[in-house]
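In: I'd like to go over a predicted model; first the sequence, then the structure.
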Amino acid sequence: MSIREEIDEARRRLGLSTDEITEVPEGEARPLTSEFLSHFTGGVDSRWWWERFTLPDAAYRFEDGKGFTHITTLVPDAHERIWFVAEDDQLPYFPVYDATPAVAQRIIGECYGFEYYLIAKDLSWLLCENHHDMVIAVGSVRQRLEQYGA
C-alpha cells in the first residue's frame with residue numbers, strides 16, 4: 001500500500017472530510033515541492049530532506065519515540081492551514097496535502113511509520129520526523145523544540 005493510500009484510508013477511518021485534508025494535485029504539488037526544496041535545502045532534492053537543511057535546525061528524540069504526538073504543542077497554531085508532505089520513495093514525487101497540524105497529527109497516528117514534513121504556507125517554519133524518531137525543526141518552531149532538550 002502506498003503512503004497515499006494509507007493516508008486516504010486513515011482519513012476515512014477518522015471521518016475527516018476533504019475540507020480537513022486534501023491532496024494537492026500533482027501539477028501543483030511538484031512546483032510546491034521545488035519551492036520547499038529551494039527554501040529549505042538550497043534546491044537539493046534528496047530522499048531525506050532533513051539531511052540537507054541549509055537553515056539552522058534543532059533535533060530532539062522524545063523518550064516514547066512518538067514525536068508526532070507533540071506536533072500541536074510545537075507549532076504556532078495547531079489549526080492554521082499548512083502543507084503536509086509524506087515521504088514515499090515508491091512514488092515519483094512526495095504527496096503534498098493541505099491540512100492543519102492537528103489533522104496531520106491524527107493522520108500520522110493512524111498510519112504505519114513514515115517520514116513527514118509539516119511546512120508553514122509562508123515557509124517560516126518546517127517540522128519533520130525521520131526514521132530515527134528524531135523530530136527536526138527549522139525556522140520559527142526551532143526554539144520550541146530546543147526547549148525540550150534544555
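Out: Received it, and whenever you're ready, just let me know what you need.

In: got a list of contacts for the biggest helix by length in the chain?
Out: Secondary structure assigned by DSSP state H gives helix 26-41 as the longest helix of the chain. Residues from elsewhere that reach helix 26-41 (CB atoms under 8 Å, 6 or more residues apart in numbering): 23-24, 43-45, 49, 52-55, 83, 85, 93-96, 117, 119, 123, 126, 138. For the C-beta atoms, the positions are set from N, CA and C on the backbone; glycine is no exception.

In: mind listing the strands in this structure by residue range?
Out: Assigned by DSSP state E, the chain shows strands spanning 22-23, 57-60, 82-86, 96-99, 116-120, 125-129, 135-139.

In: strands paired with the first one, and their directions?
Out: Strands that pair with strand 22-23, judged by DSSP bridges, come out as strand 96-99 (antiparallel).

In: What lies in contact with the strand it pairs with?
Out: Residues contacting strand 96-99 (CB under 8 Å, 6+ apart): 7, 20-24, 28-29, 32-33, 81-86, 104, 107.

In: Nearest the geometric middle of this protein, what residue?
Out: In the chain, the residue lying closest to the centroid (CA atoms, centre = their mean) is Y117, at 2.1 Å.

In: From what I see, it and N130 are in contact.
Out: No. The pair Y117 and N130 fails to qualify as a contact (CB atoms under 8 Å) at a distance of 9.9 Å.

In: The strands of the chain into a markdown table, with extra columns for mean pLDDT?
Out: Formatted as a markdown table, these follow (pLDDT from 0 to 100):
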| stretch | mean pLDDT |
| --- | --- |
| strand 22-23 | 97 |
| strand 57-60 | 94 |
| strand 82-86 | 97 |
| strand 96-99 | 98 |
| strand 116-120 | 97 |
| strand 125-129 | 97 |
| strand 135-139 | 96 |
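
In: Now distance to T72 too, for these, in JSON lines please.
Out: What follows is the strands of the chain, written out as JSON lines (distance: least, CB to CB, whole Å):
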{"stretch": "strand 22-23", "distance to T72": "20"}
{"stretch": "strand 57-60", "distance to T72": "16"}
{"stretch": "strand 82-86", "distance to T72": "12"}
{"stretch": "strand 96-99", "distance to T72": "12"}
{"stretch": "strand 116-120", "distance to T72": "11"}
{"stretch": "strand 125-129", "distance to T72": "11"}
{"stretch": "strand 135-139", "distance to T72": "13"}
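
In: No further queries at this time; thank you.
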